[in-house]
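Undergrad: Here is the input, now give the coordinates:
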Amino acid sequence: MAIFDVEPRISGDVYFGHNSPDSVILAGKVAEKGVGGDIYFDGSDNFVVLEVGKRGSGKSYGMGALLEGFATTSTNSNVGKHKSRRGVLLLDPLDIHWTALIPLSADGPEGLKRQHAVLKKWKGLEPEKIAVNVWVPAGFQWEIDHPEFRTYYLPVSELQAADWALLLATDLILETRGRLIDEAHQKVTTLGWKSGQTKTPARKDYSIQDLIACISKDDDIGQFYHAETIRSVVQPLQSFARMPLFSARGGTPMTDLVQEGKLSILSMARLSESLRTVLTAVLVRKLYEDRSIASQINRRLQLQTISETERTRLKEELVKHVPRTILAIDEAQILMPARGGDLARSALNSYVLQGRRN
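TA: From the prediction side, this is the model:
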């Protein structure tokens, strides 16, 4: 490790972050001459961290190690000390973080031995057990995958018209196909639609088949849109409907994906660029909305004088929502590219600017 000489010299341990040590993670060591110590990240309060550095400098490795510190099974270990716990959700567009499933050991394959040898150079550190789940989008599993990988289903009913426009490579305003998908989405989720004498009420928990039925049968759509335009939207929707990823209206529950004290890794490298962007936008929006509800419940429980019956009801409702969550994104430029990344970028901006309240 390179050693630097700076003035004034740092002595002792260094803490950055908050000042109430409810959750403190070992981040590294001071790489400077003098009586240097350890560096700790105090993640007790809400925070936003941007990690930058040149290619190959170890950004992903360092972030992964830091996040694992939030998910140690022990509440008082050499890499993490916790009085309270959060969930951790890592969006991994390169599929490199799944190895968190593999315990570090001096025995086993050569690569594992090398990693263990690196750890042994750090005085006082031993391998720690990590609570981790790795998720792979449904339909994108490989036979060679680790047997403990879990299957993730996209919540179809959370997709907005703009999400479908991105997947169908159209524009909601400038292109006829985009205006068609926007109108169909409004009819299915808000207005309801009519085919002859049959009226179909709106439903928030819609499926792709609901969209297809509306586009194919709705009287207004059939009157104002050309048959070729309708086919150009229905055909790709049918292709998505055949994908296992889109097979569930509600998808994988957020409370399964994000759990207190666990590191959840969603591997996304096998998805197309548009699917990665839409999945990121949907997840970030859903996480923000869910935490907003949970935060409101917590405020009532902590600040409002209410009956025991109401308190019990609120506590039962609270467990249906995700815990306070650390959202981490590796290689964010992949999930939010310069072109076509507006959906994910907008969702993340809202999460960063307003999510600290939750």
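Undergrad: Next up, phi/psi of the residue nearest to residue 167 when sequence neighbours are not counted, please.
TA: Closest residue in space to residue 167, ignoring its immediate chain neighbours: residue 274 at 5.5 Å, by C-beta to C-beta, 6 or more residues apart in numbering. C-betas here are computed from N, CA, C, even on glycine. For residue 274, the backbone dihedrals (degrees, to the nearest 10) come out as phi -70, psi -40.
Undergrad: how many other residues sit next to residue 274?
TA: Burial measure for residue 274: 17 neighbouring residues, criterion other C-beta atoms under 10 Å.
Undergrad: That one touches residue 166, doesn't it?
TA: Yes. Counting by C-beta atoms under 8 Å, a contact exists between residue 274 and residue 166, whose distance comes to 5.4 Å.
Undergrad: Return the set of buried residues in stretch 40-52.
TA: Residues of stretch 40-52 classed as buried under the neighbour-count rule (16 or more other C-beta atoms under 10 Å) are 40, 41, 42, 43, 44.
Undergrad: between the residues you listed, which is closest to residue 238?
TA: For residue 238, the closest of those turns out to be residue 43, at 45.2 Å, with distances computed as C-beta to C-beta.
Undergrad: Pull the contacting residues for that closest one.
TA: With contacts taken as C-beta atoms under 8 Å, 6 or more residues apart in numbering, residue 43 has the following neighbours: 17, 18, 23, 24, 25, 70, 86, 326.
Undergrad: shouldn't the first one be in contact with residue 47?
TA: Yes. With the criterion set as C-beta under 8 Å, residue 17 and residue 47 qualify as a contacting pair; they are 6.3 Å apart.
Undergrad: measure the residue nearest to residue 167 to residue 238 for me?
TA: Residue 274 sits at a distance of 17 Å from residue 238 (criterion: C-beta to C-beta, to the nearest Å).
Undergrad: All the helices of this protein, residue numbers only.
TA: Read by DSSP state H, the chain holds these helices, from start to end of the chain: 59-69, 110-120, 161-167, 176-186, 208-217, 219-224, 227-241, 254-257, 273-303, 308-318, 332-335, 342-354.
Undergrad: what distance separates the third one from the centre of its chain?
TA: Averaging C-alpha coordinates over helix 161-167 and over its chain gives two centres that are 19 Å apart (C-alpha atoms, centre = their mean, to the nearest Å).
Undergrad: Now the buried residues of stretch 40-52 in CSV, please, with extra columns for distance to residue 345 and pLDDT.
TA: Below are the buried residues of stretch 40-52 laid out as CSV (distance: C-beta to C-beta, whole Å; pLDDT from 0 to 100):
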residue, distance to residue 345, pLDDT
40, 32, 89
41, 26, 89
42, 29, 90
43, 24, 87
44, 28, 85
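Undergrad: between the residues you listed, which is nearest residue 191?
TA: Using C-beta to C-beta, residue 43 is the member of these that sits closest to residue 191, with 44.5 Å.
Undergrad: Would you mind checking which of the buried residues of stretch 40-52 is nearest to residue 66?
TA: Once C-beta to C-beta is applied, the member of the buried residues of stretch 40-52 that ends up nearest residue 66 is residue 41, at 6.4 Å.
Undergrad: who's in contact with residue 314?
TA: Contacts of residue 314 were listed using C-beta under 8 Å, 6+ apart, and they are 297, 300, 301, 306.
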